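J.: my questions concern the predicted model and sequence given below.
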Amino acid sequence: MTETPTRYSEFLPQGAMYFYREKHIYCRYQYLLKDPVDPALLQQAVDAALDAADYFKMKLVREKRDVYLVENDRPFTVRLGSELRAMPEETDGYLFNVSCEGDTVFFDWFHFLADGHGMARFLTRILMEYCNRRYDAGFACPAMASAPAYDMQALVALDPTAGEEDLPGLALALALRSYADRLACQRLLEEGALDVYTLPGCMKKGRPGWQLVALCDVSHKEHLIRQVFAQTSTTGLRVRRCEKHVLDYTITTRETPYGPVRVKKAQGYGVRRSKPEYEDMARIAREHKITLKQIFHRD
């Protein structure tokens with residue numbers, strides 16, 4: 001989006017906003033001033049704004065699968081020219097950049113830094129600090145308080161499912177590190193898991209591996225977590241809530257030439273089906289040395 005700059009007053013800068021989206025999402029504010037920009041004064045303005053809002057003195061850290069912010073101990077540098085720089089790779093770790101060319105100031109920032117109104121307040125503060133130094137504008141520049149930290153307990157209290165112990169199920173997902181770990185599936189079923197299955201996947205450094213998913217009631221969560229760590233070689237797992245929808249079913253007995261077989265009949269959601277219990281079928285097939293088909297259809 002671009003727009004023709006309009007000068008409403010001597011000190012009110014006007015400009016345009018652009019979005020760049022290739023591999024990352026970058027945003028840019030472009031302000032036109034009434035005189036050529038003084039880079040030294042702009043540097044002083046940025047330094048003053050950072051002192052007032054030190055929570056922008058951060059750098060992005062990527063560590064394995066974790067991404068987080070830490071304090072950036074490197075000084076911020078105002079750059080010359082209109083080039084859009086990769087952030088944080090080309091900005092000394094900072095997630096924003098300030099540059100100037102001619103009578104234009106460019107504010108660029110990485111969307112990870114501030115989605116919302118926080119970044120606009122910070123950039124406005126830089127302009128106010130600059131105008132105070134360049135034109136003796138007299139803008140008031142009070143301290144910029146950061147938003148309070150999230151109260152996680154209060155957020156959880158707003159969750160309508162918080163504290164419920166009768167939710168349909170809870171899925172435990174983890175990545176297994178070796179073939180032997182798959183032997184844990186049967187053990188987890190014996191320990192109360194409602195269902196257990198594995199999926200092939202690609203691990204770190206391209207190594208093949210297996211992802212294990214176990215479904216359990218909320219009341220069995222802690223016990224199943226202990227069993228996962230005890231029965232596998234994993235060092236971590238993920239837990240998420242999920243819903244489980246099942247058909248209503250009953251179990252009846254059907255007589256066959258080789259003895260009774262339990263049959264599960266299910267219905268609901270416009271579906272009706274039945275199937276014999278596998279364990280009964282497998283036992284009869286082994287005892288009589290016949291195939292599963294022959295149990296109901298004797299030749």
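T.: Nice, thanks for sending it over.
J.: count of neighbours near Asp54?
T.: The tally of other residues near Asp54 (other CB atoms under 10 Å) stands at 12. Every residue, glycine included, has its C-beta placed from N, CA and C.
J.: over to Phe107?
T.: 23.
J.: what's the nearest residue to it if we skip its chain neighbours?
T.: The shortest distance from Phe107 to any non-neighbouring residue, by CB to CB, 6 or more residues apart in numbering, is to Tyr29 (4.1 Å).
J.: Ile284 now?
T.: Once flanking residues are discounted, Ile284 sits nearest to Tyr258: 4.7 Å by CB to CB, 6+ apart.
J.: now do Ala53
T.: Spatial nearest neighbour of Ala53, excluding adjacent residues (CB to CB, 6+ apart): Met144 at 4.2 Å.
J.: now do that neighbour against Tyr135, distance only.
T.: Met144 is 22 Å from Tyr135, where distance means CB to CB, to the nearest Å.
J.: residues near Val239, how many?
T.: 13.
J.: pull out the buried positions in stretch 74-86.
T.: For stretch 74-86, a neighbour-count test (16 or more other CB atoms under 10 Å) marks 76, 78-79, 85 as buried.
J.: please identify the helix or strand for Glu255.
T.: Following DSSP states H and E, one finds Glu255 within strand 248-256.
J.: tilt between the following helix or strand past that strand and strand 248-256?
T.: Remark: after strand 248-256, the chain's next helix or strand is strand 259-268, criterion DSSP H and E. When axes from the mean of the first three to the mean of the last three CA atoms, to 10 degrees is applied, the directions of strand 259-268 and strand 248-256 differ by 150 degrees.
J.: for this structure, just list every one of the strands.
T.: Remark: strands assigned in the chain by DSSP state E are 14-21, 25-32, 58-63, 66-71, 79-80, 96-101, 104-110, 169-176, 195-202, 208-216, 238-242, 248-256, 259-268, 271-276.
J.: which of these comes out lowest on mean pLDDT?
T.: Lowest mean pLDDT within these: strand 169-176, a mean of 44.
J.: for Lys204, what are its contacts?
T.: For Lys204, the contact set (CB atoms under 8 Å, 6 or more residues apart in numbering) is empty.
J.: thinking again about what came up before, who is the residue nearest to Phe107 paired with across the strands?
T.: For Tyr29, the beta-bridge partners under DSSP bridges are Met17, Phe107.
J.: neighbours of it, how many?
T.: Neighbours of Tyr29 under the rule other CB under 10 Å: 20.
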